[in-house]
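Colleague: Below are the sequence and a predicted model for it; my questions follow.
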Amino acid sequence: MEHTPQIALVVTAIFVLLSIPMAILVGVHRAKTGILLLHGDDDALLRLIRAHGNFVEYVPLALLALAGAEIAGAAPWLVASCGGVLILARLIHYFGLRASAESKGRAIGAGLTNLPMLVLAVAILWHLLVAA
């Protein structure tokens, strides 16, 4: 069964487009402060670095799960819903972490990231082990 994961590809493109300004903001802040490595004592730079870093730590695995579920045969509405929640979750987490390490947005974004990842993992296993 060959299937191009169309929904996952759209979500991937959106994540790439979201990641670019995140990286640029880190670079711009570095240029303004003259801090070329690590974060110095600049808390704003540290939050920018970690917000972008967390994004690039979680998004690849989420995209693999999204594509895997789509390829395995999960319902398109499920894959699209999980993709939408992942985009929303990563945005909430990013802006929450940029605001403060203790932000409620950070916690909400983290929780909302893990929920669709769990659903996608179960969908993959279901389609490979039970529905096959």
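Modeller: Structure received.
Colleague: Nearest residue to the middle of this protein?
Modeller: Geometric centre of the chain, nearest residue: residue 59, 3.4 Å, by C-alpha atoms, centre = their mean.
Colleague: That one is in what secondary structure piece?
Modeller: Element membership of residue 59 [criterion: DSSP states H and E] is helix 43-72.
Colleague: could you give me the average pLDDT of that helix?
Modeller: For helix 43-72, the mean per-residue pLDDT is 94.
Colleague: Tell me the buried residues in that helix?
Modeller: By 16 or more other C-beta atoms under 10 Å, the buried positions in helix 43-72 come out as 45-52, 54-55, 58-59, 62-63, 65-72. Just so you know, the C-beta spots here come from the backbone N, C-alpha and C atoms, and that holds for glycine as well.
Colleague: cool, stretch 81-91 as well?
Modeller: 82-83, 85-87, 89-90.
Colleague: Pick the one among these closest to residue 39.
Modeller: residue 90 (21.5 Å; C-beta to C-beta).
Colleague: if I pick residue 112, what's in contact with it?
Modeller: Going by C-beta atoms under 8 Å, 6 or more residues apart in numbering, residue 112 touches 85, 88-89, 92-93.
Colleague: sorry, that was for residue 92
Modeller: 105, 108-109, 112.
Colleague: Just the C-alpha atoms of the helix or strand hosting it, please, in CSV.
Modeller: In the assignment (DSSP H and E), residue 92 maps to helix 76-99. Taking Å, rounded to 0.1, in the frame of the first residue of the first chain, the C-alpha atoms of helix 76-99 are listed here in CSV:
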residue,chain,number,x,y,z
PRO,A,76,-8.2,11.6,7.6
TRP,A,77,-10.3,13.5,10.1
LEU,A,78,-8.2,12.1,12.9
VAL,A,79,-4.9,12.9,11.3
ALA,A,80,-6.1,16.4,10.3
SER,A,81,-7.4,17.0,13.8
CYS,A,82,-4.2,15.9,15.5
GLY,A,83,-2.2,18.1,13.0
GLY,A,84,-4.3,21.1,13.9
VAL,A,85,-4.0,20.5,17.6
LEU,A,86,-0.2,20.1,17.2
ILE,A,87,0.1,23.4,15.4
LEU,A,88,-2.0,25.2,18.0
ALA,A,89,-0.2,23.5,20.9
ARG,A,90,3.3,24.4,19.6
LEU,A,91,2.2,28.0,19.1
ILE,A,92,0.7,28.2,22.6
HIS,A,93,3.9,26.6,24.1
TYR,A,94,6.2,28.9,22.1
PHE,A,95,4.5,32.2,23.1
GLY,A,96,4.0,30.9,26.7
LEU,A,97,7.7,30.1,27.1
ARG,A,98,8.7,33.4,25.5
ALA,A,99,6.6,35.2,28.1
